[in-house]
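Enquirer: I'll drop the sequence and a predicted model, then ask my questions.
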Amino acid sequence: MKNTPVDYQTARRIIDGYGLPDFGKATIREVVAISTQLEQETNTEFIHMEMGVPGLKAAQVGVDAEVKALQNGIASIYPNINGTPEVKAEASRFIKAFINIDIAPECCVPVTGSMQGTFASFLTSGQCTEGKDTILFIDPGFPVQKQQIVVMGYKYESFDVYEYRGEKLRAILEEHLSKGNIAAMIYSNPNNPAWFCLTDDELKIIGEMANKYDTIVIEDLAYFAMDFRKELGKPFEAPYQASVAHYTDNYILQISGSKAFSYAGQRIGVTAISNKLYHRAYSGLTKRYGGGTFGTVYIHRVLYALSSGTSHSAQIALAAMFKAASDGQFDFITEVKEYGRRAEKLKKIFTDYGFTIVYDHDLDEPIADGFYFTIAYPGMTGGQLMEELIYYGVSAISLSTTGSNQEGLRACTSFIKPHQYDLLEERLKLFKENHTL
Ligand SMILES: Cc1ncc(COP(=O)(O)O)c(C=O)c1O
């Protein structure tokens, strides 16, 4: 038996105790539970890289606005489901400032995080047109969004974009969309889990295909402006966050407060529906609801049924953060660049000890350093590597749970503490000694 930082027998007992048929398919929550239990029982510190939780302090400008609103008594009244006029106006301005796109305040709708935003978007998109009942995932992706599809009893299709970067994307989209059943397609940019960024040319292809097949694009900007290779943080100045919105009117943007502003706990984000889509009537919606447009059904039927709006105080916080960012007074990008610095150091340690980065390029450009990165070890499947690293006190999730066809793991930089770089190096050194290449 090899010498490992976490006792092998204890680790096996605890993993087996979860009764998982395939440890490589464990969900993020299961990996957290297993690694936390092991940490407690063996008294060994774990380097947690499984959960994508913001590891920074919530933006103060939001906290101050929210506290003040609560003290002024906002909690007692129901929020207007359309959103407060302030958050709608500031969302529209923020989108102009950082994406250079015009979306009217009316079409910017607060949601209880992008999680609710995507749920409501999938649901509404799938009800628009008879026969268009399937969501296409441009994978790898955020696993819980597929769970949302399962919860609502919808269908989905997916492909791993690893093999289809650049012009190749057109052919694979054509293959899926030409069947006529795709209501909407979704991807995140920067990508969770792999942190690649689709290029403008690729977004143009997606936009053109959305126009050709009248399909809605759901662009998940959970990691807004976090392509740290570019200076995206100057309001109303190029370069801007890349977006499909430049190439089609058939789009919905999901802008989350969780990562950009480290505001995950308050569950706040904005769904921004293109002006044209917001005002478009669909036969399927008219039949089901007796009238309405995409935007009004989204708000007054779907969001009303889900949560009757979004808490007032969180909307006020988000409006304040958007405003401060657009005014150039709150440099949110510089704050979150910390994730990029961590990724650079962590990637170096992993690659020094024989690991490779799986999704390593955006066509001919190396990917950015950011919130996540992907790793593989020669000769090991993602599942094997995930389990093996547990014995070294390192936890991450397998790419197989994200719709990726590649063997490897997603590692998240958000929980890394300053002293853990040395610890990781020590453990990976031992890992390499025990796993000769
Ligand atoms: C790609 C992606 N979309 C959406 C979310 C959820 O965002 P929110 O906290 O706004 O619901 C996450 C969070 O990890 C994510 O990675």
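Expert: On my side now, so go ahead.
Enquirer: per the record, what domains does the protein have?
Expert: Using the TED database, the domains assigned to the chain come out as 8-56+332-434, 60-327.
Enquirer: Please convert those domains to JSON lines, extending it with mean neighbour count.
Expert: C-beta coordinates here come from the backbone N, C-alpha and C atoms, glycine included. Shown next, in JSON lines, are these (neighbours: other C-beta atoms under 10 Å):
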{"stretch": "domain 8-56+332-434", "mean neighbour count": "18"}
{"stretch": "domain 60-327", "mean neighbour count": "20"}
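Enquirer: Let me know the pLDDT of the closest residue to the ligand within the chain.
Expert: Across the chain, the shortest distance to the ligand (C-beta to the nearest ligand atom) belongs to residue 113, at 2.7 Å. As predicted, residue 113 sits at a pLDDT of 97.
Enquirer: close enough to count as contact, it and residue 258?
Expert: Yes. Between residue 113 and residue 258 there is a contact under C-beta atoms under 8 Å: 6.3 Å.
Enquirer: before we move on, the earlier item: now the residue of the chain closest to the ligand, nearest residue through space, not along the chain?
Expert: In space, residue 113 comes closest to residue 267 once its chain neighbours are excluded; the distance is 4.4 Å by C-beta to C-beta, 6 or more residues apart in numbering.
Enquirer: Distance from the chain centre to stretch 292-309, please.
Expert: 23 Å (C-alpha atoms, centre = their mean, to the nearest Å).
Enquirer: Show me what it is in contact with.
Expert: For stretch 292-309, contacts defined as C-beta atoms under 8 Å, 6 or more residues apart in numbering pick out 78-83, 106-107, 109-112, 116, 119-121, 123-124, 127-128, 271, 273, 277-282, 285-286, 289.
Enquirer: show me the contacts for the closest residue to residue 282 other than its chain neighbours.
Expert: Leaving aside its sequence neighbours, residue 282 sits nearest to residue 128 (C-beta to C-beta, 6+ apart; 3.8 Å). For residue 128, the contact set (C-beta under 8 Å, 6+ apart) comprises 183, 216, 282, 283, 284, 285, 294.
Enquirer: filter those down to the ones near the ligand?
Expert: For the ligand, no contacts are drawn from those by C-beta under 6 Å from any ligand atom.
Enquirer: May I ask which two of those residues are separated the most?
Expert: Within those, 216 and 283 form the most distant pair, 15.0 Å apart (C-beta to C-beta).
Enquirer: Mark which of the contacts of residue 128 are part of helices, please.
Expert: Taking DSSP state H, the ones among those that sit in helices are 283, 284, 285, 294.
Enquirer: Going by mean pLDDT, which of the domains of the chain comes out lowest?
Expert: domain 8-56+332-434 (a mean of 94).
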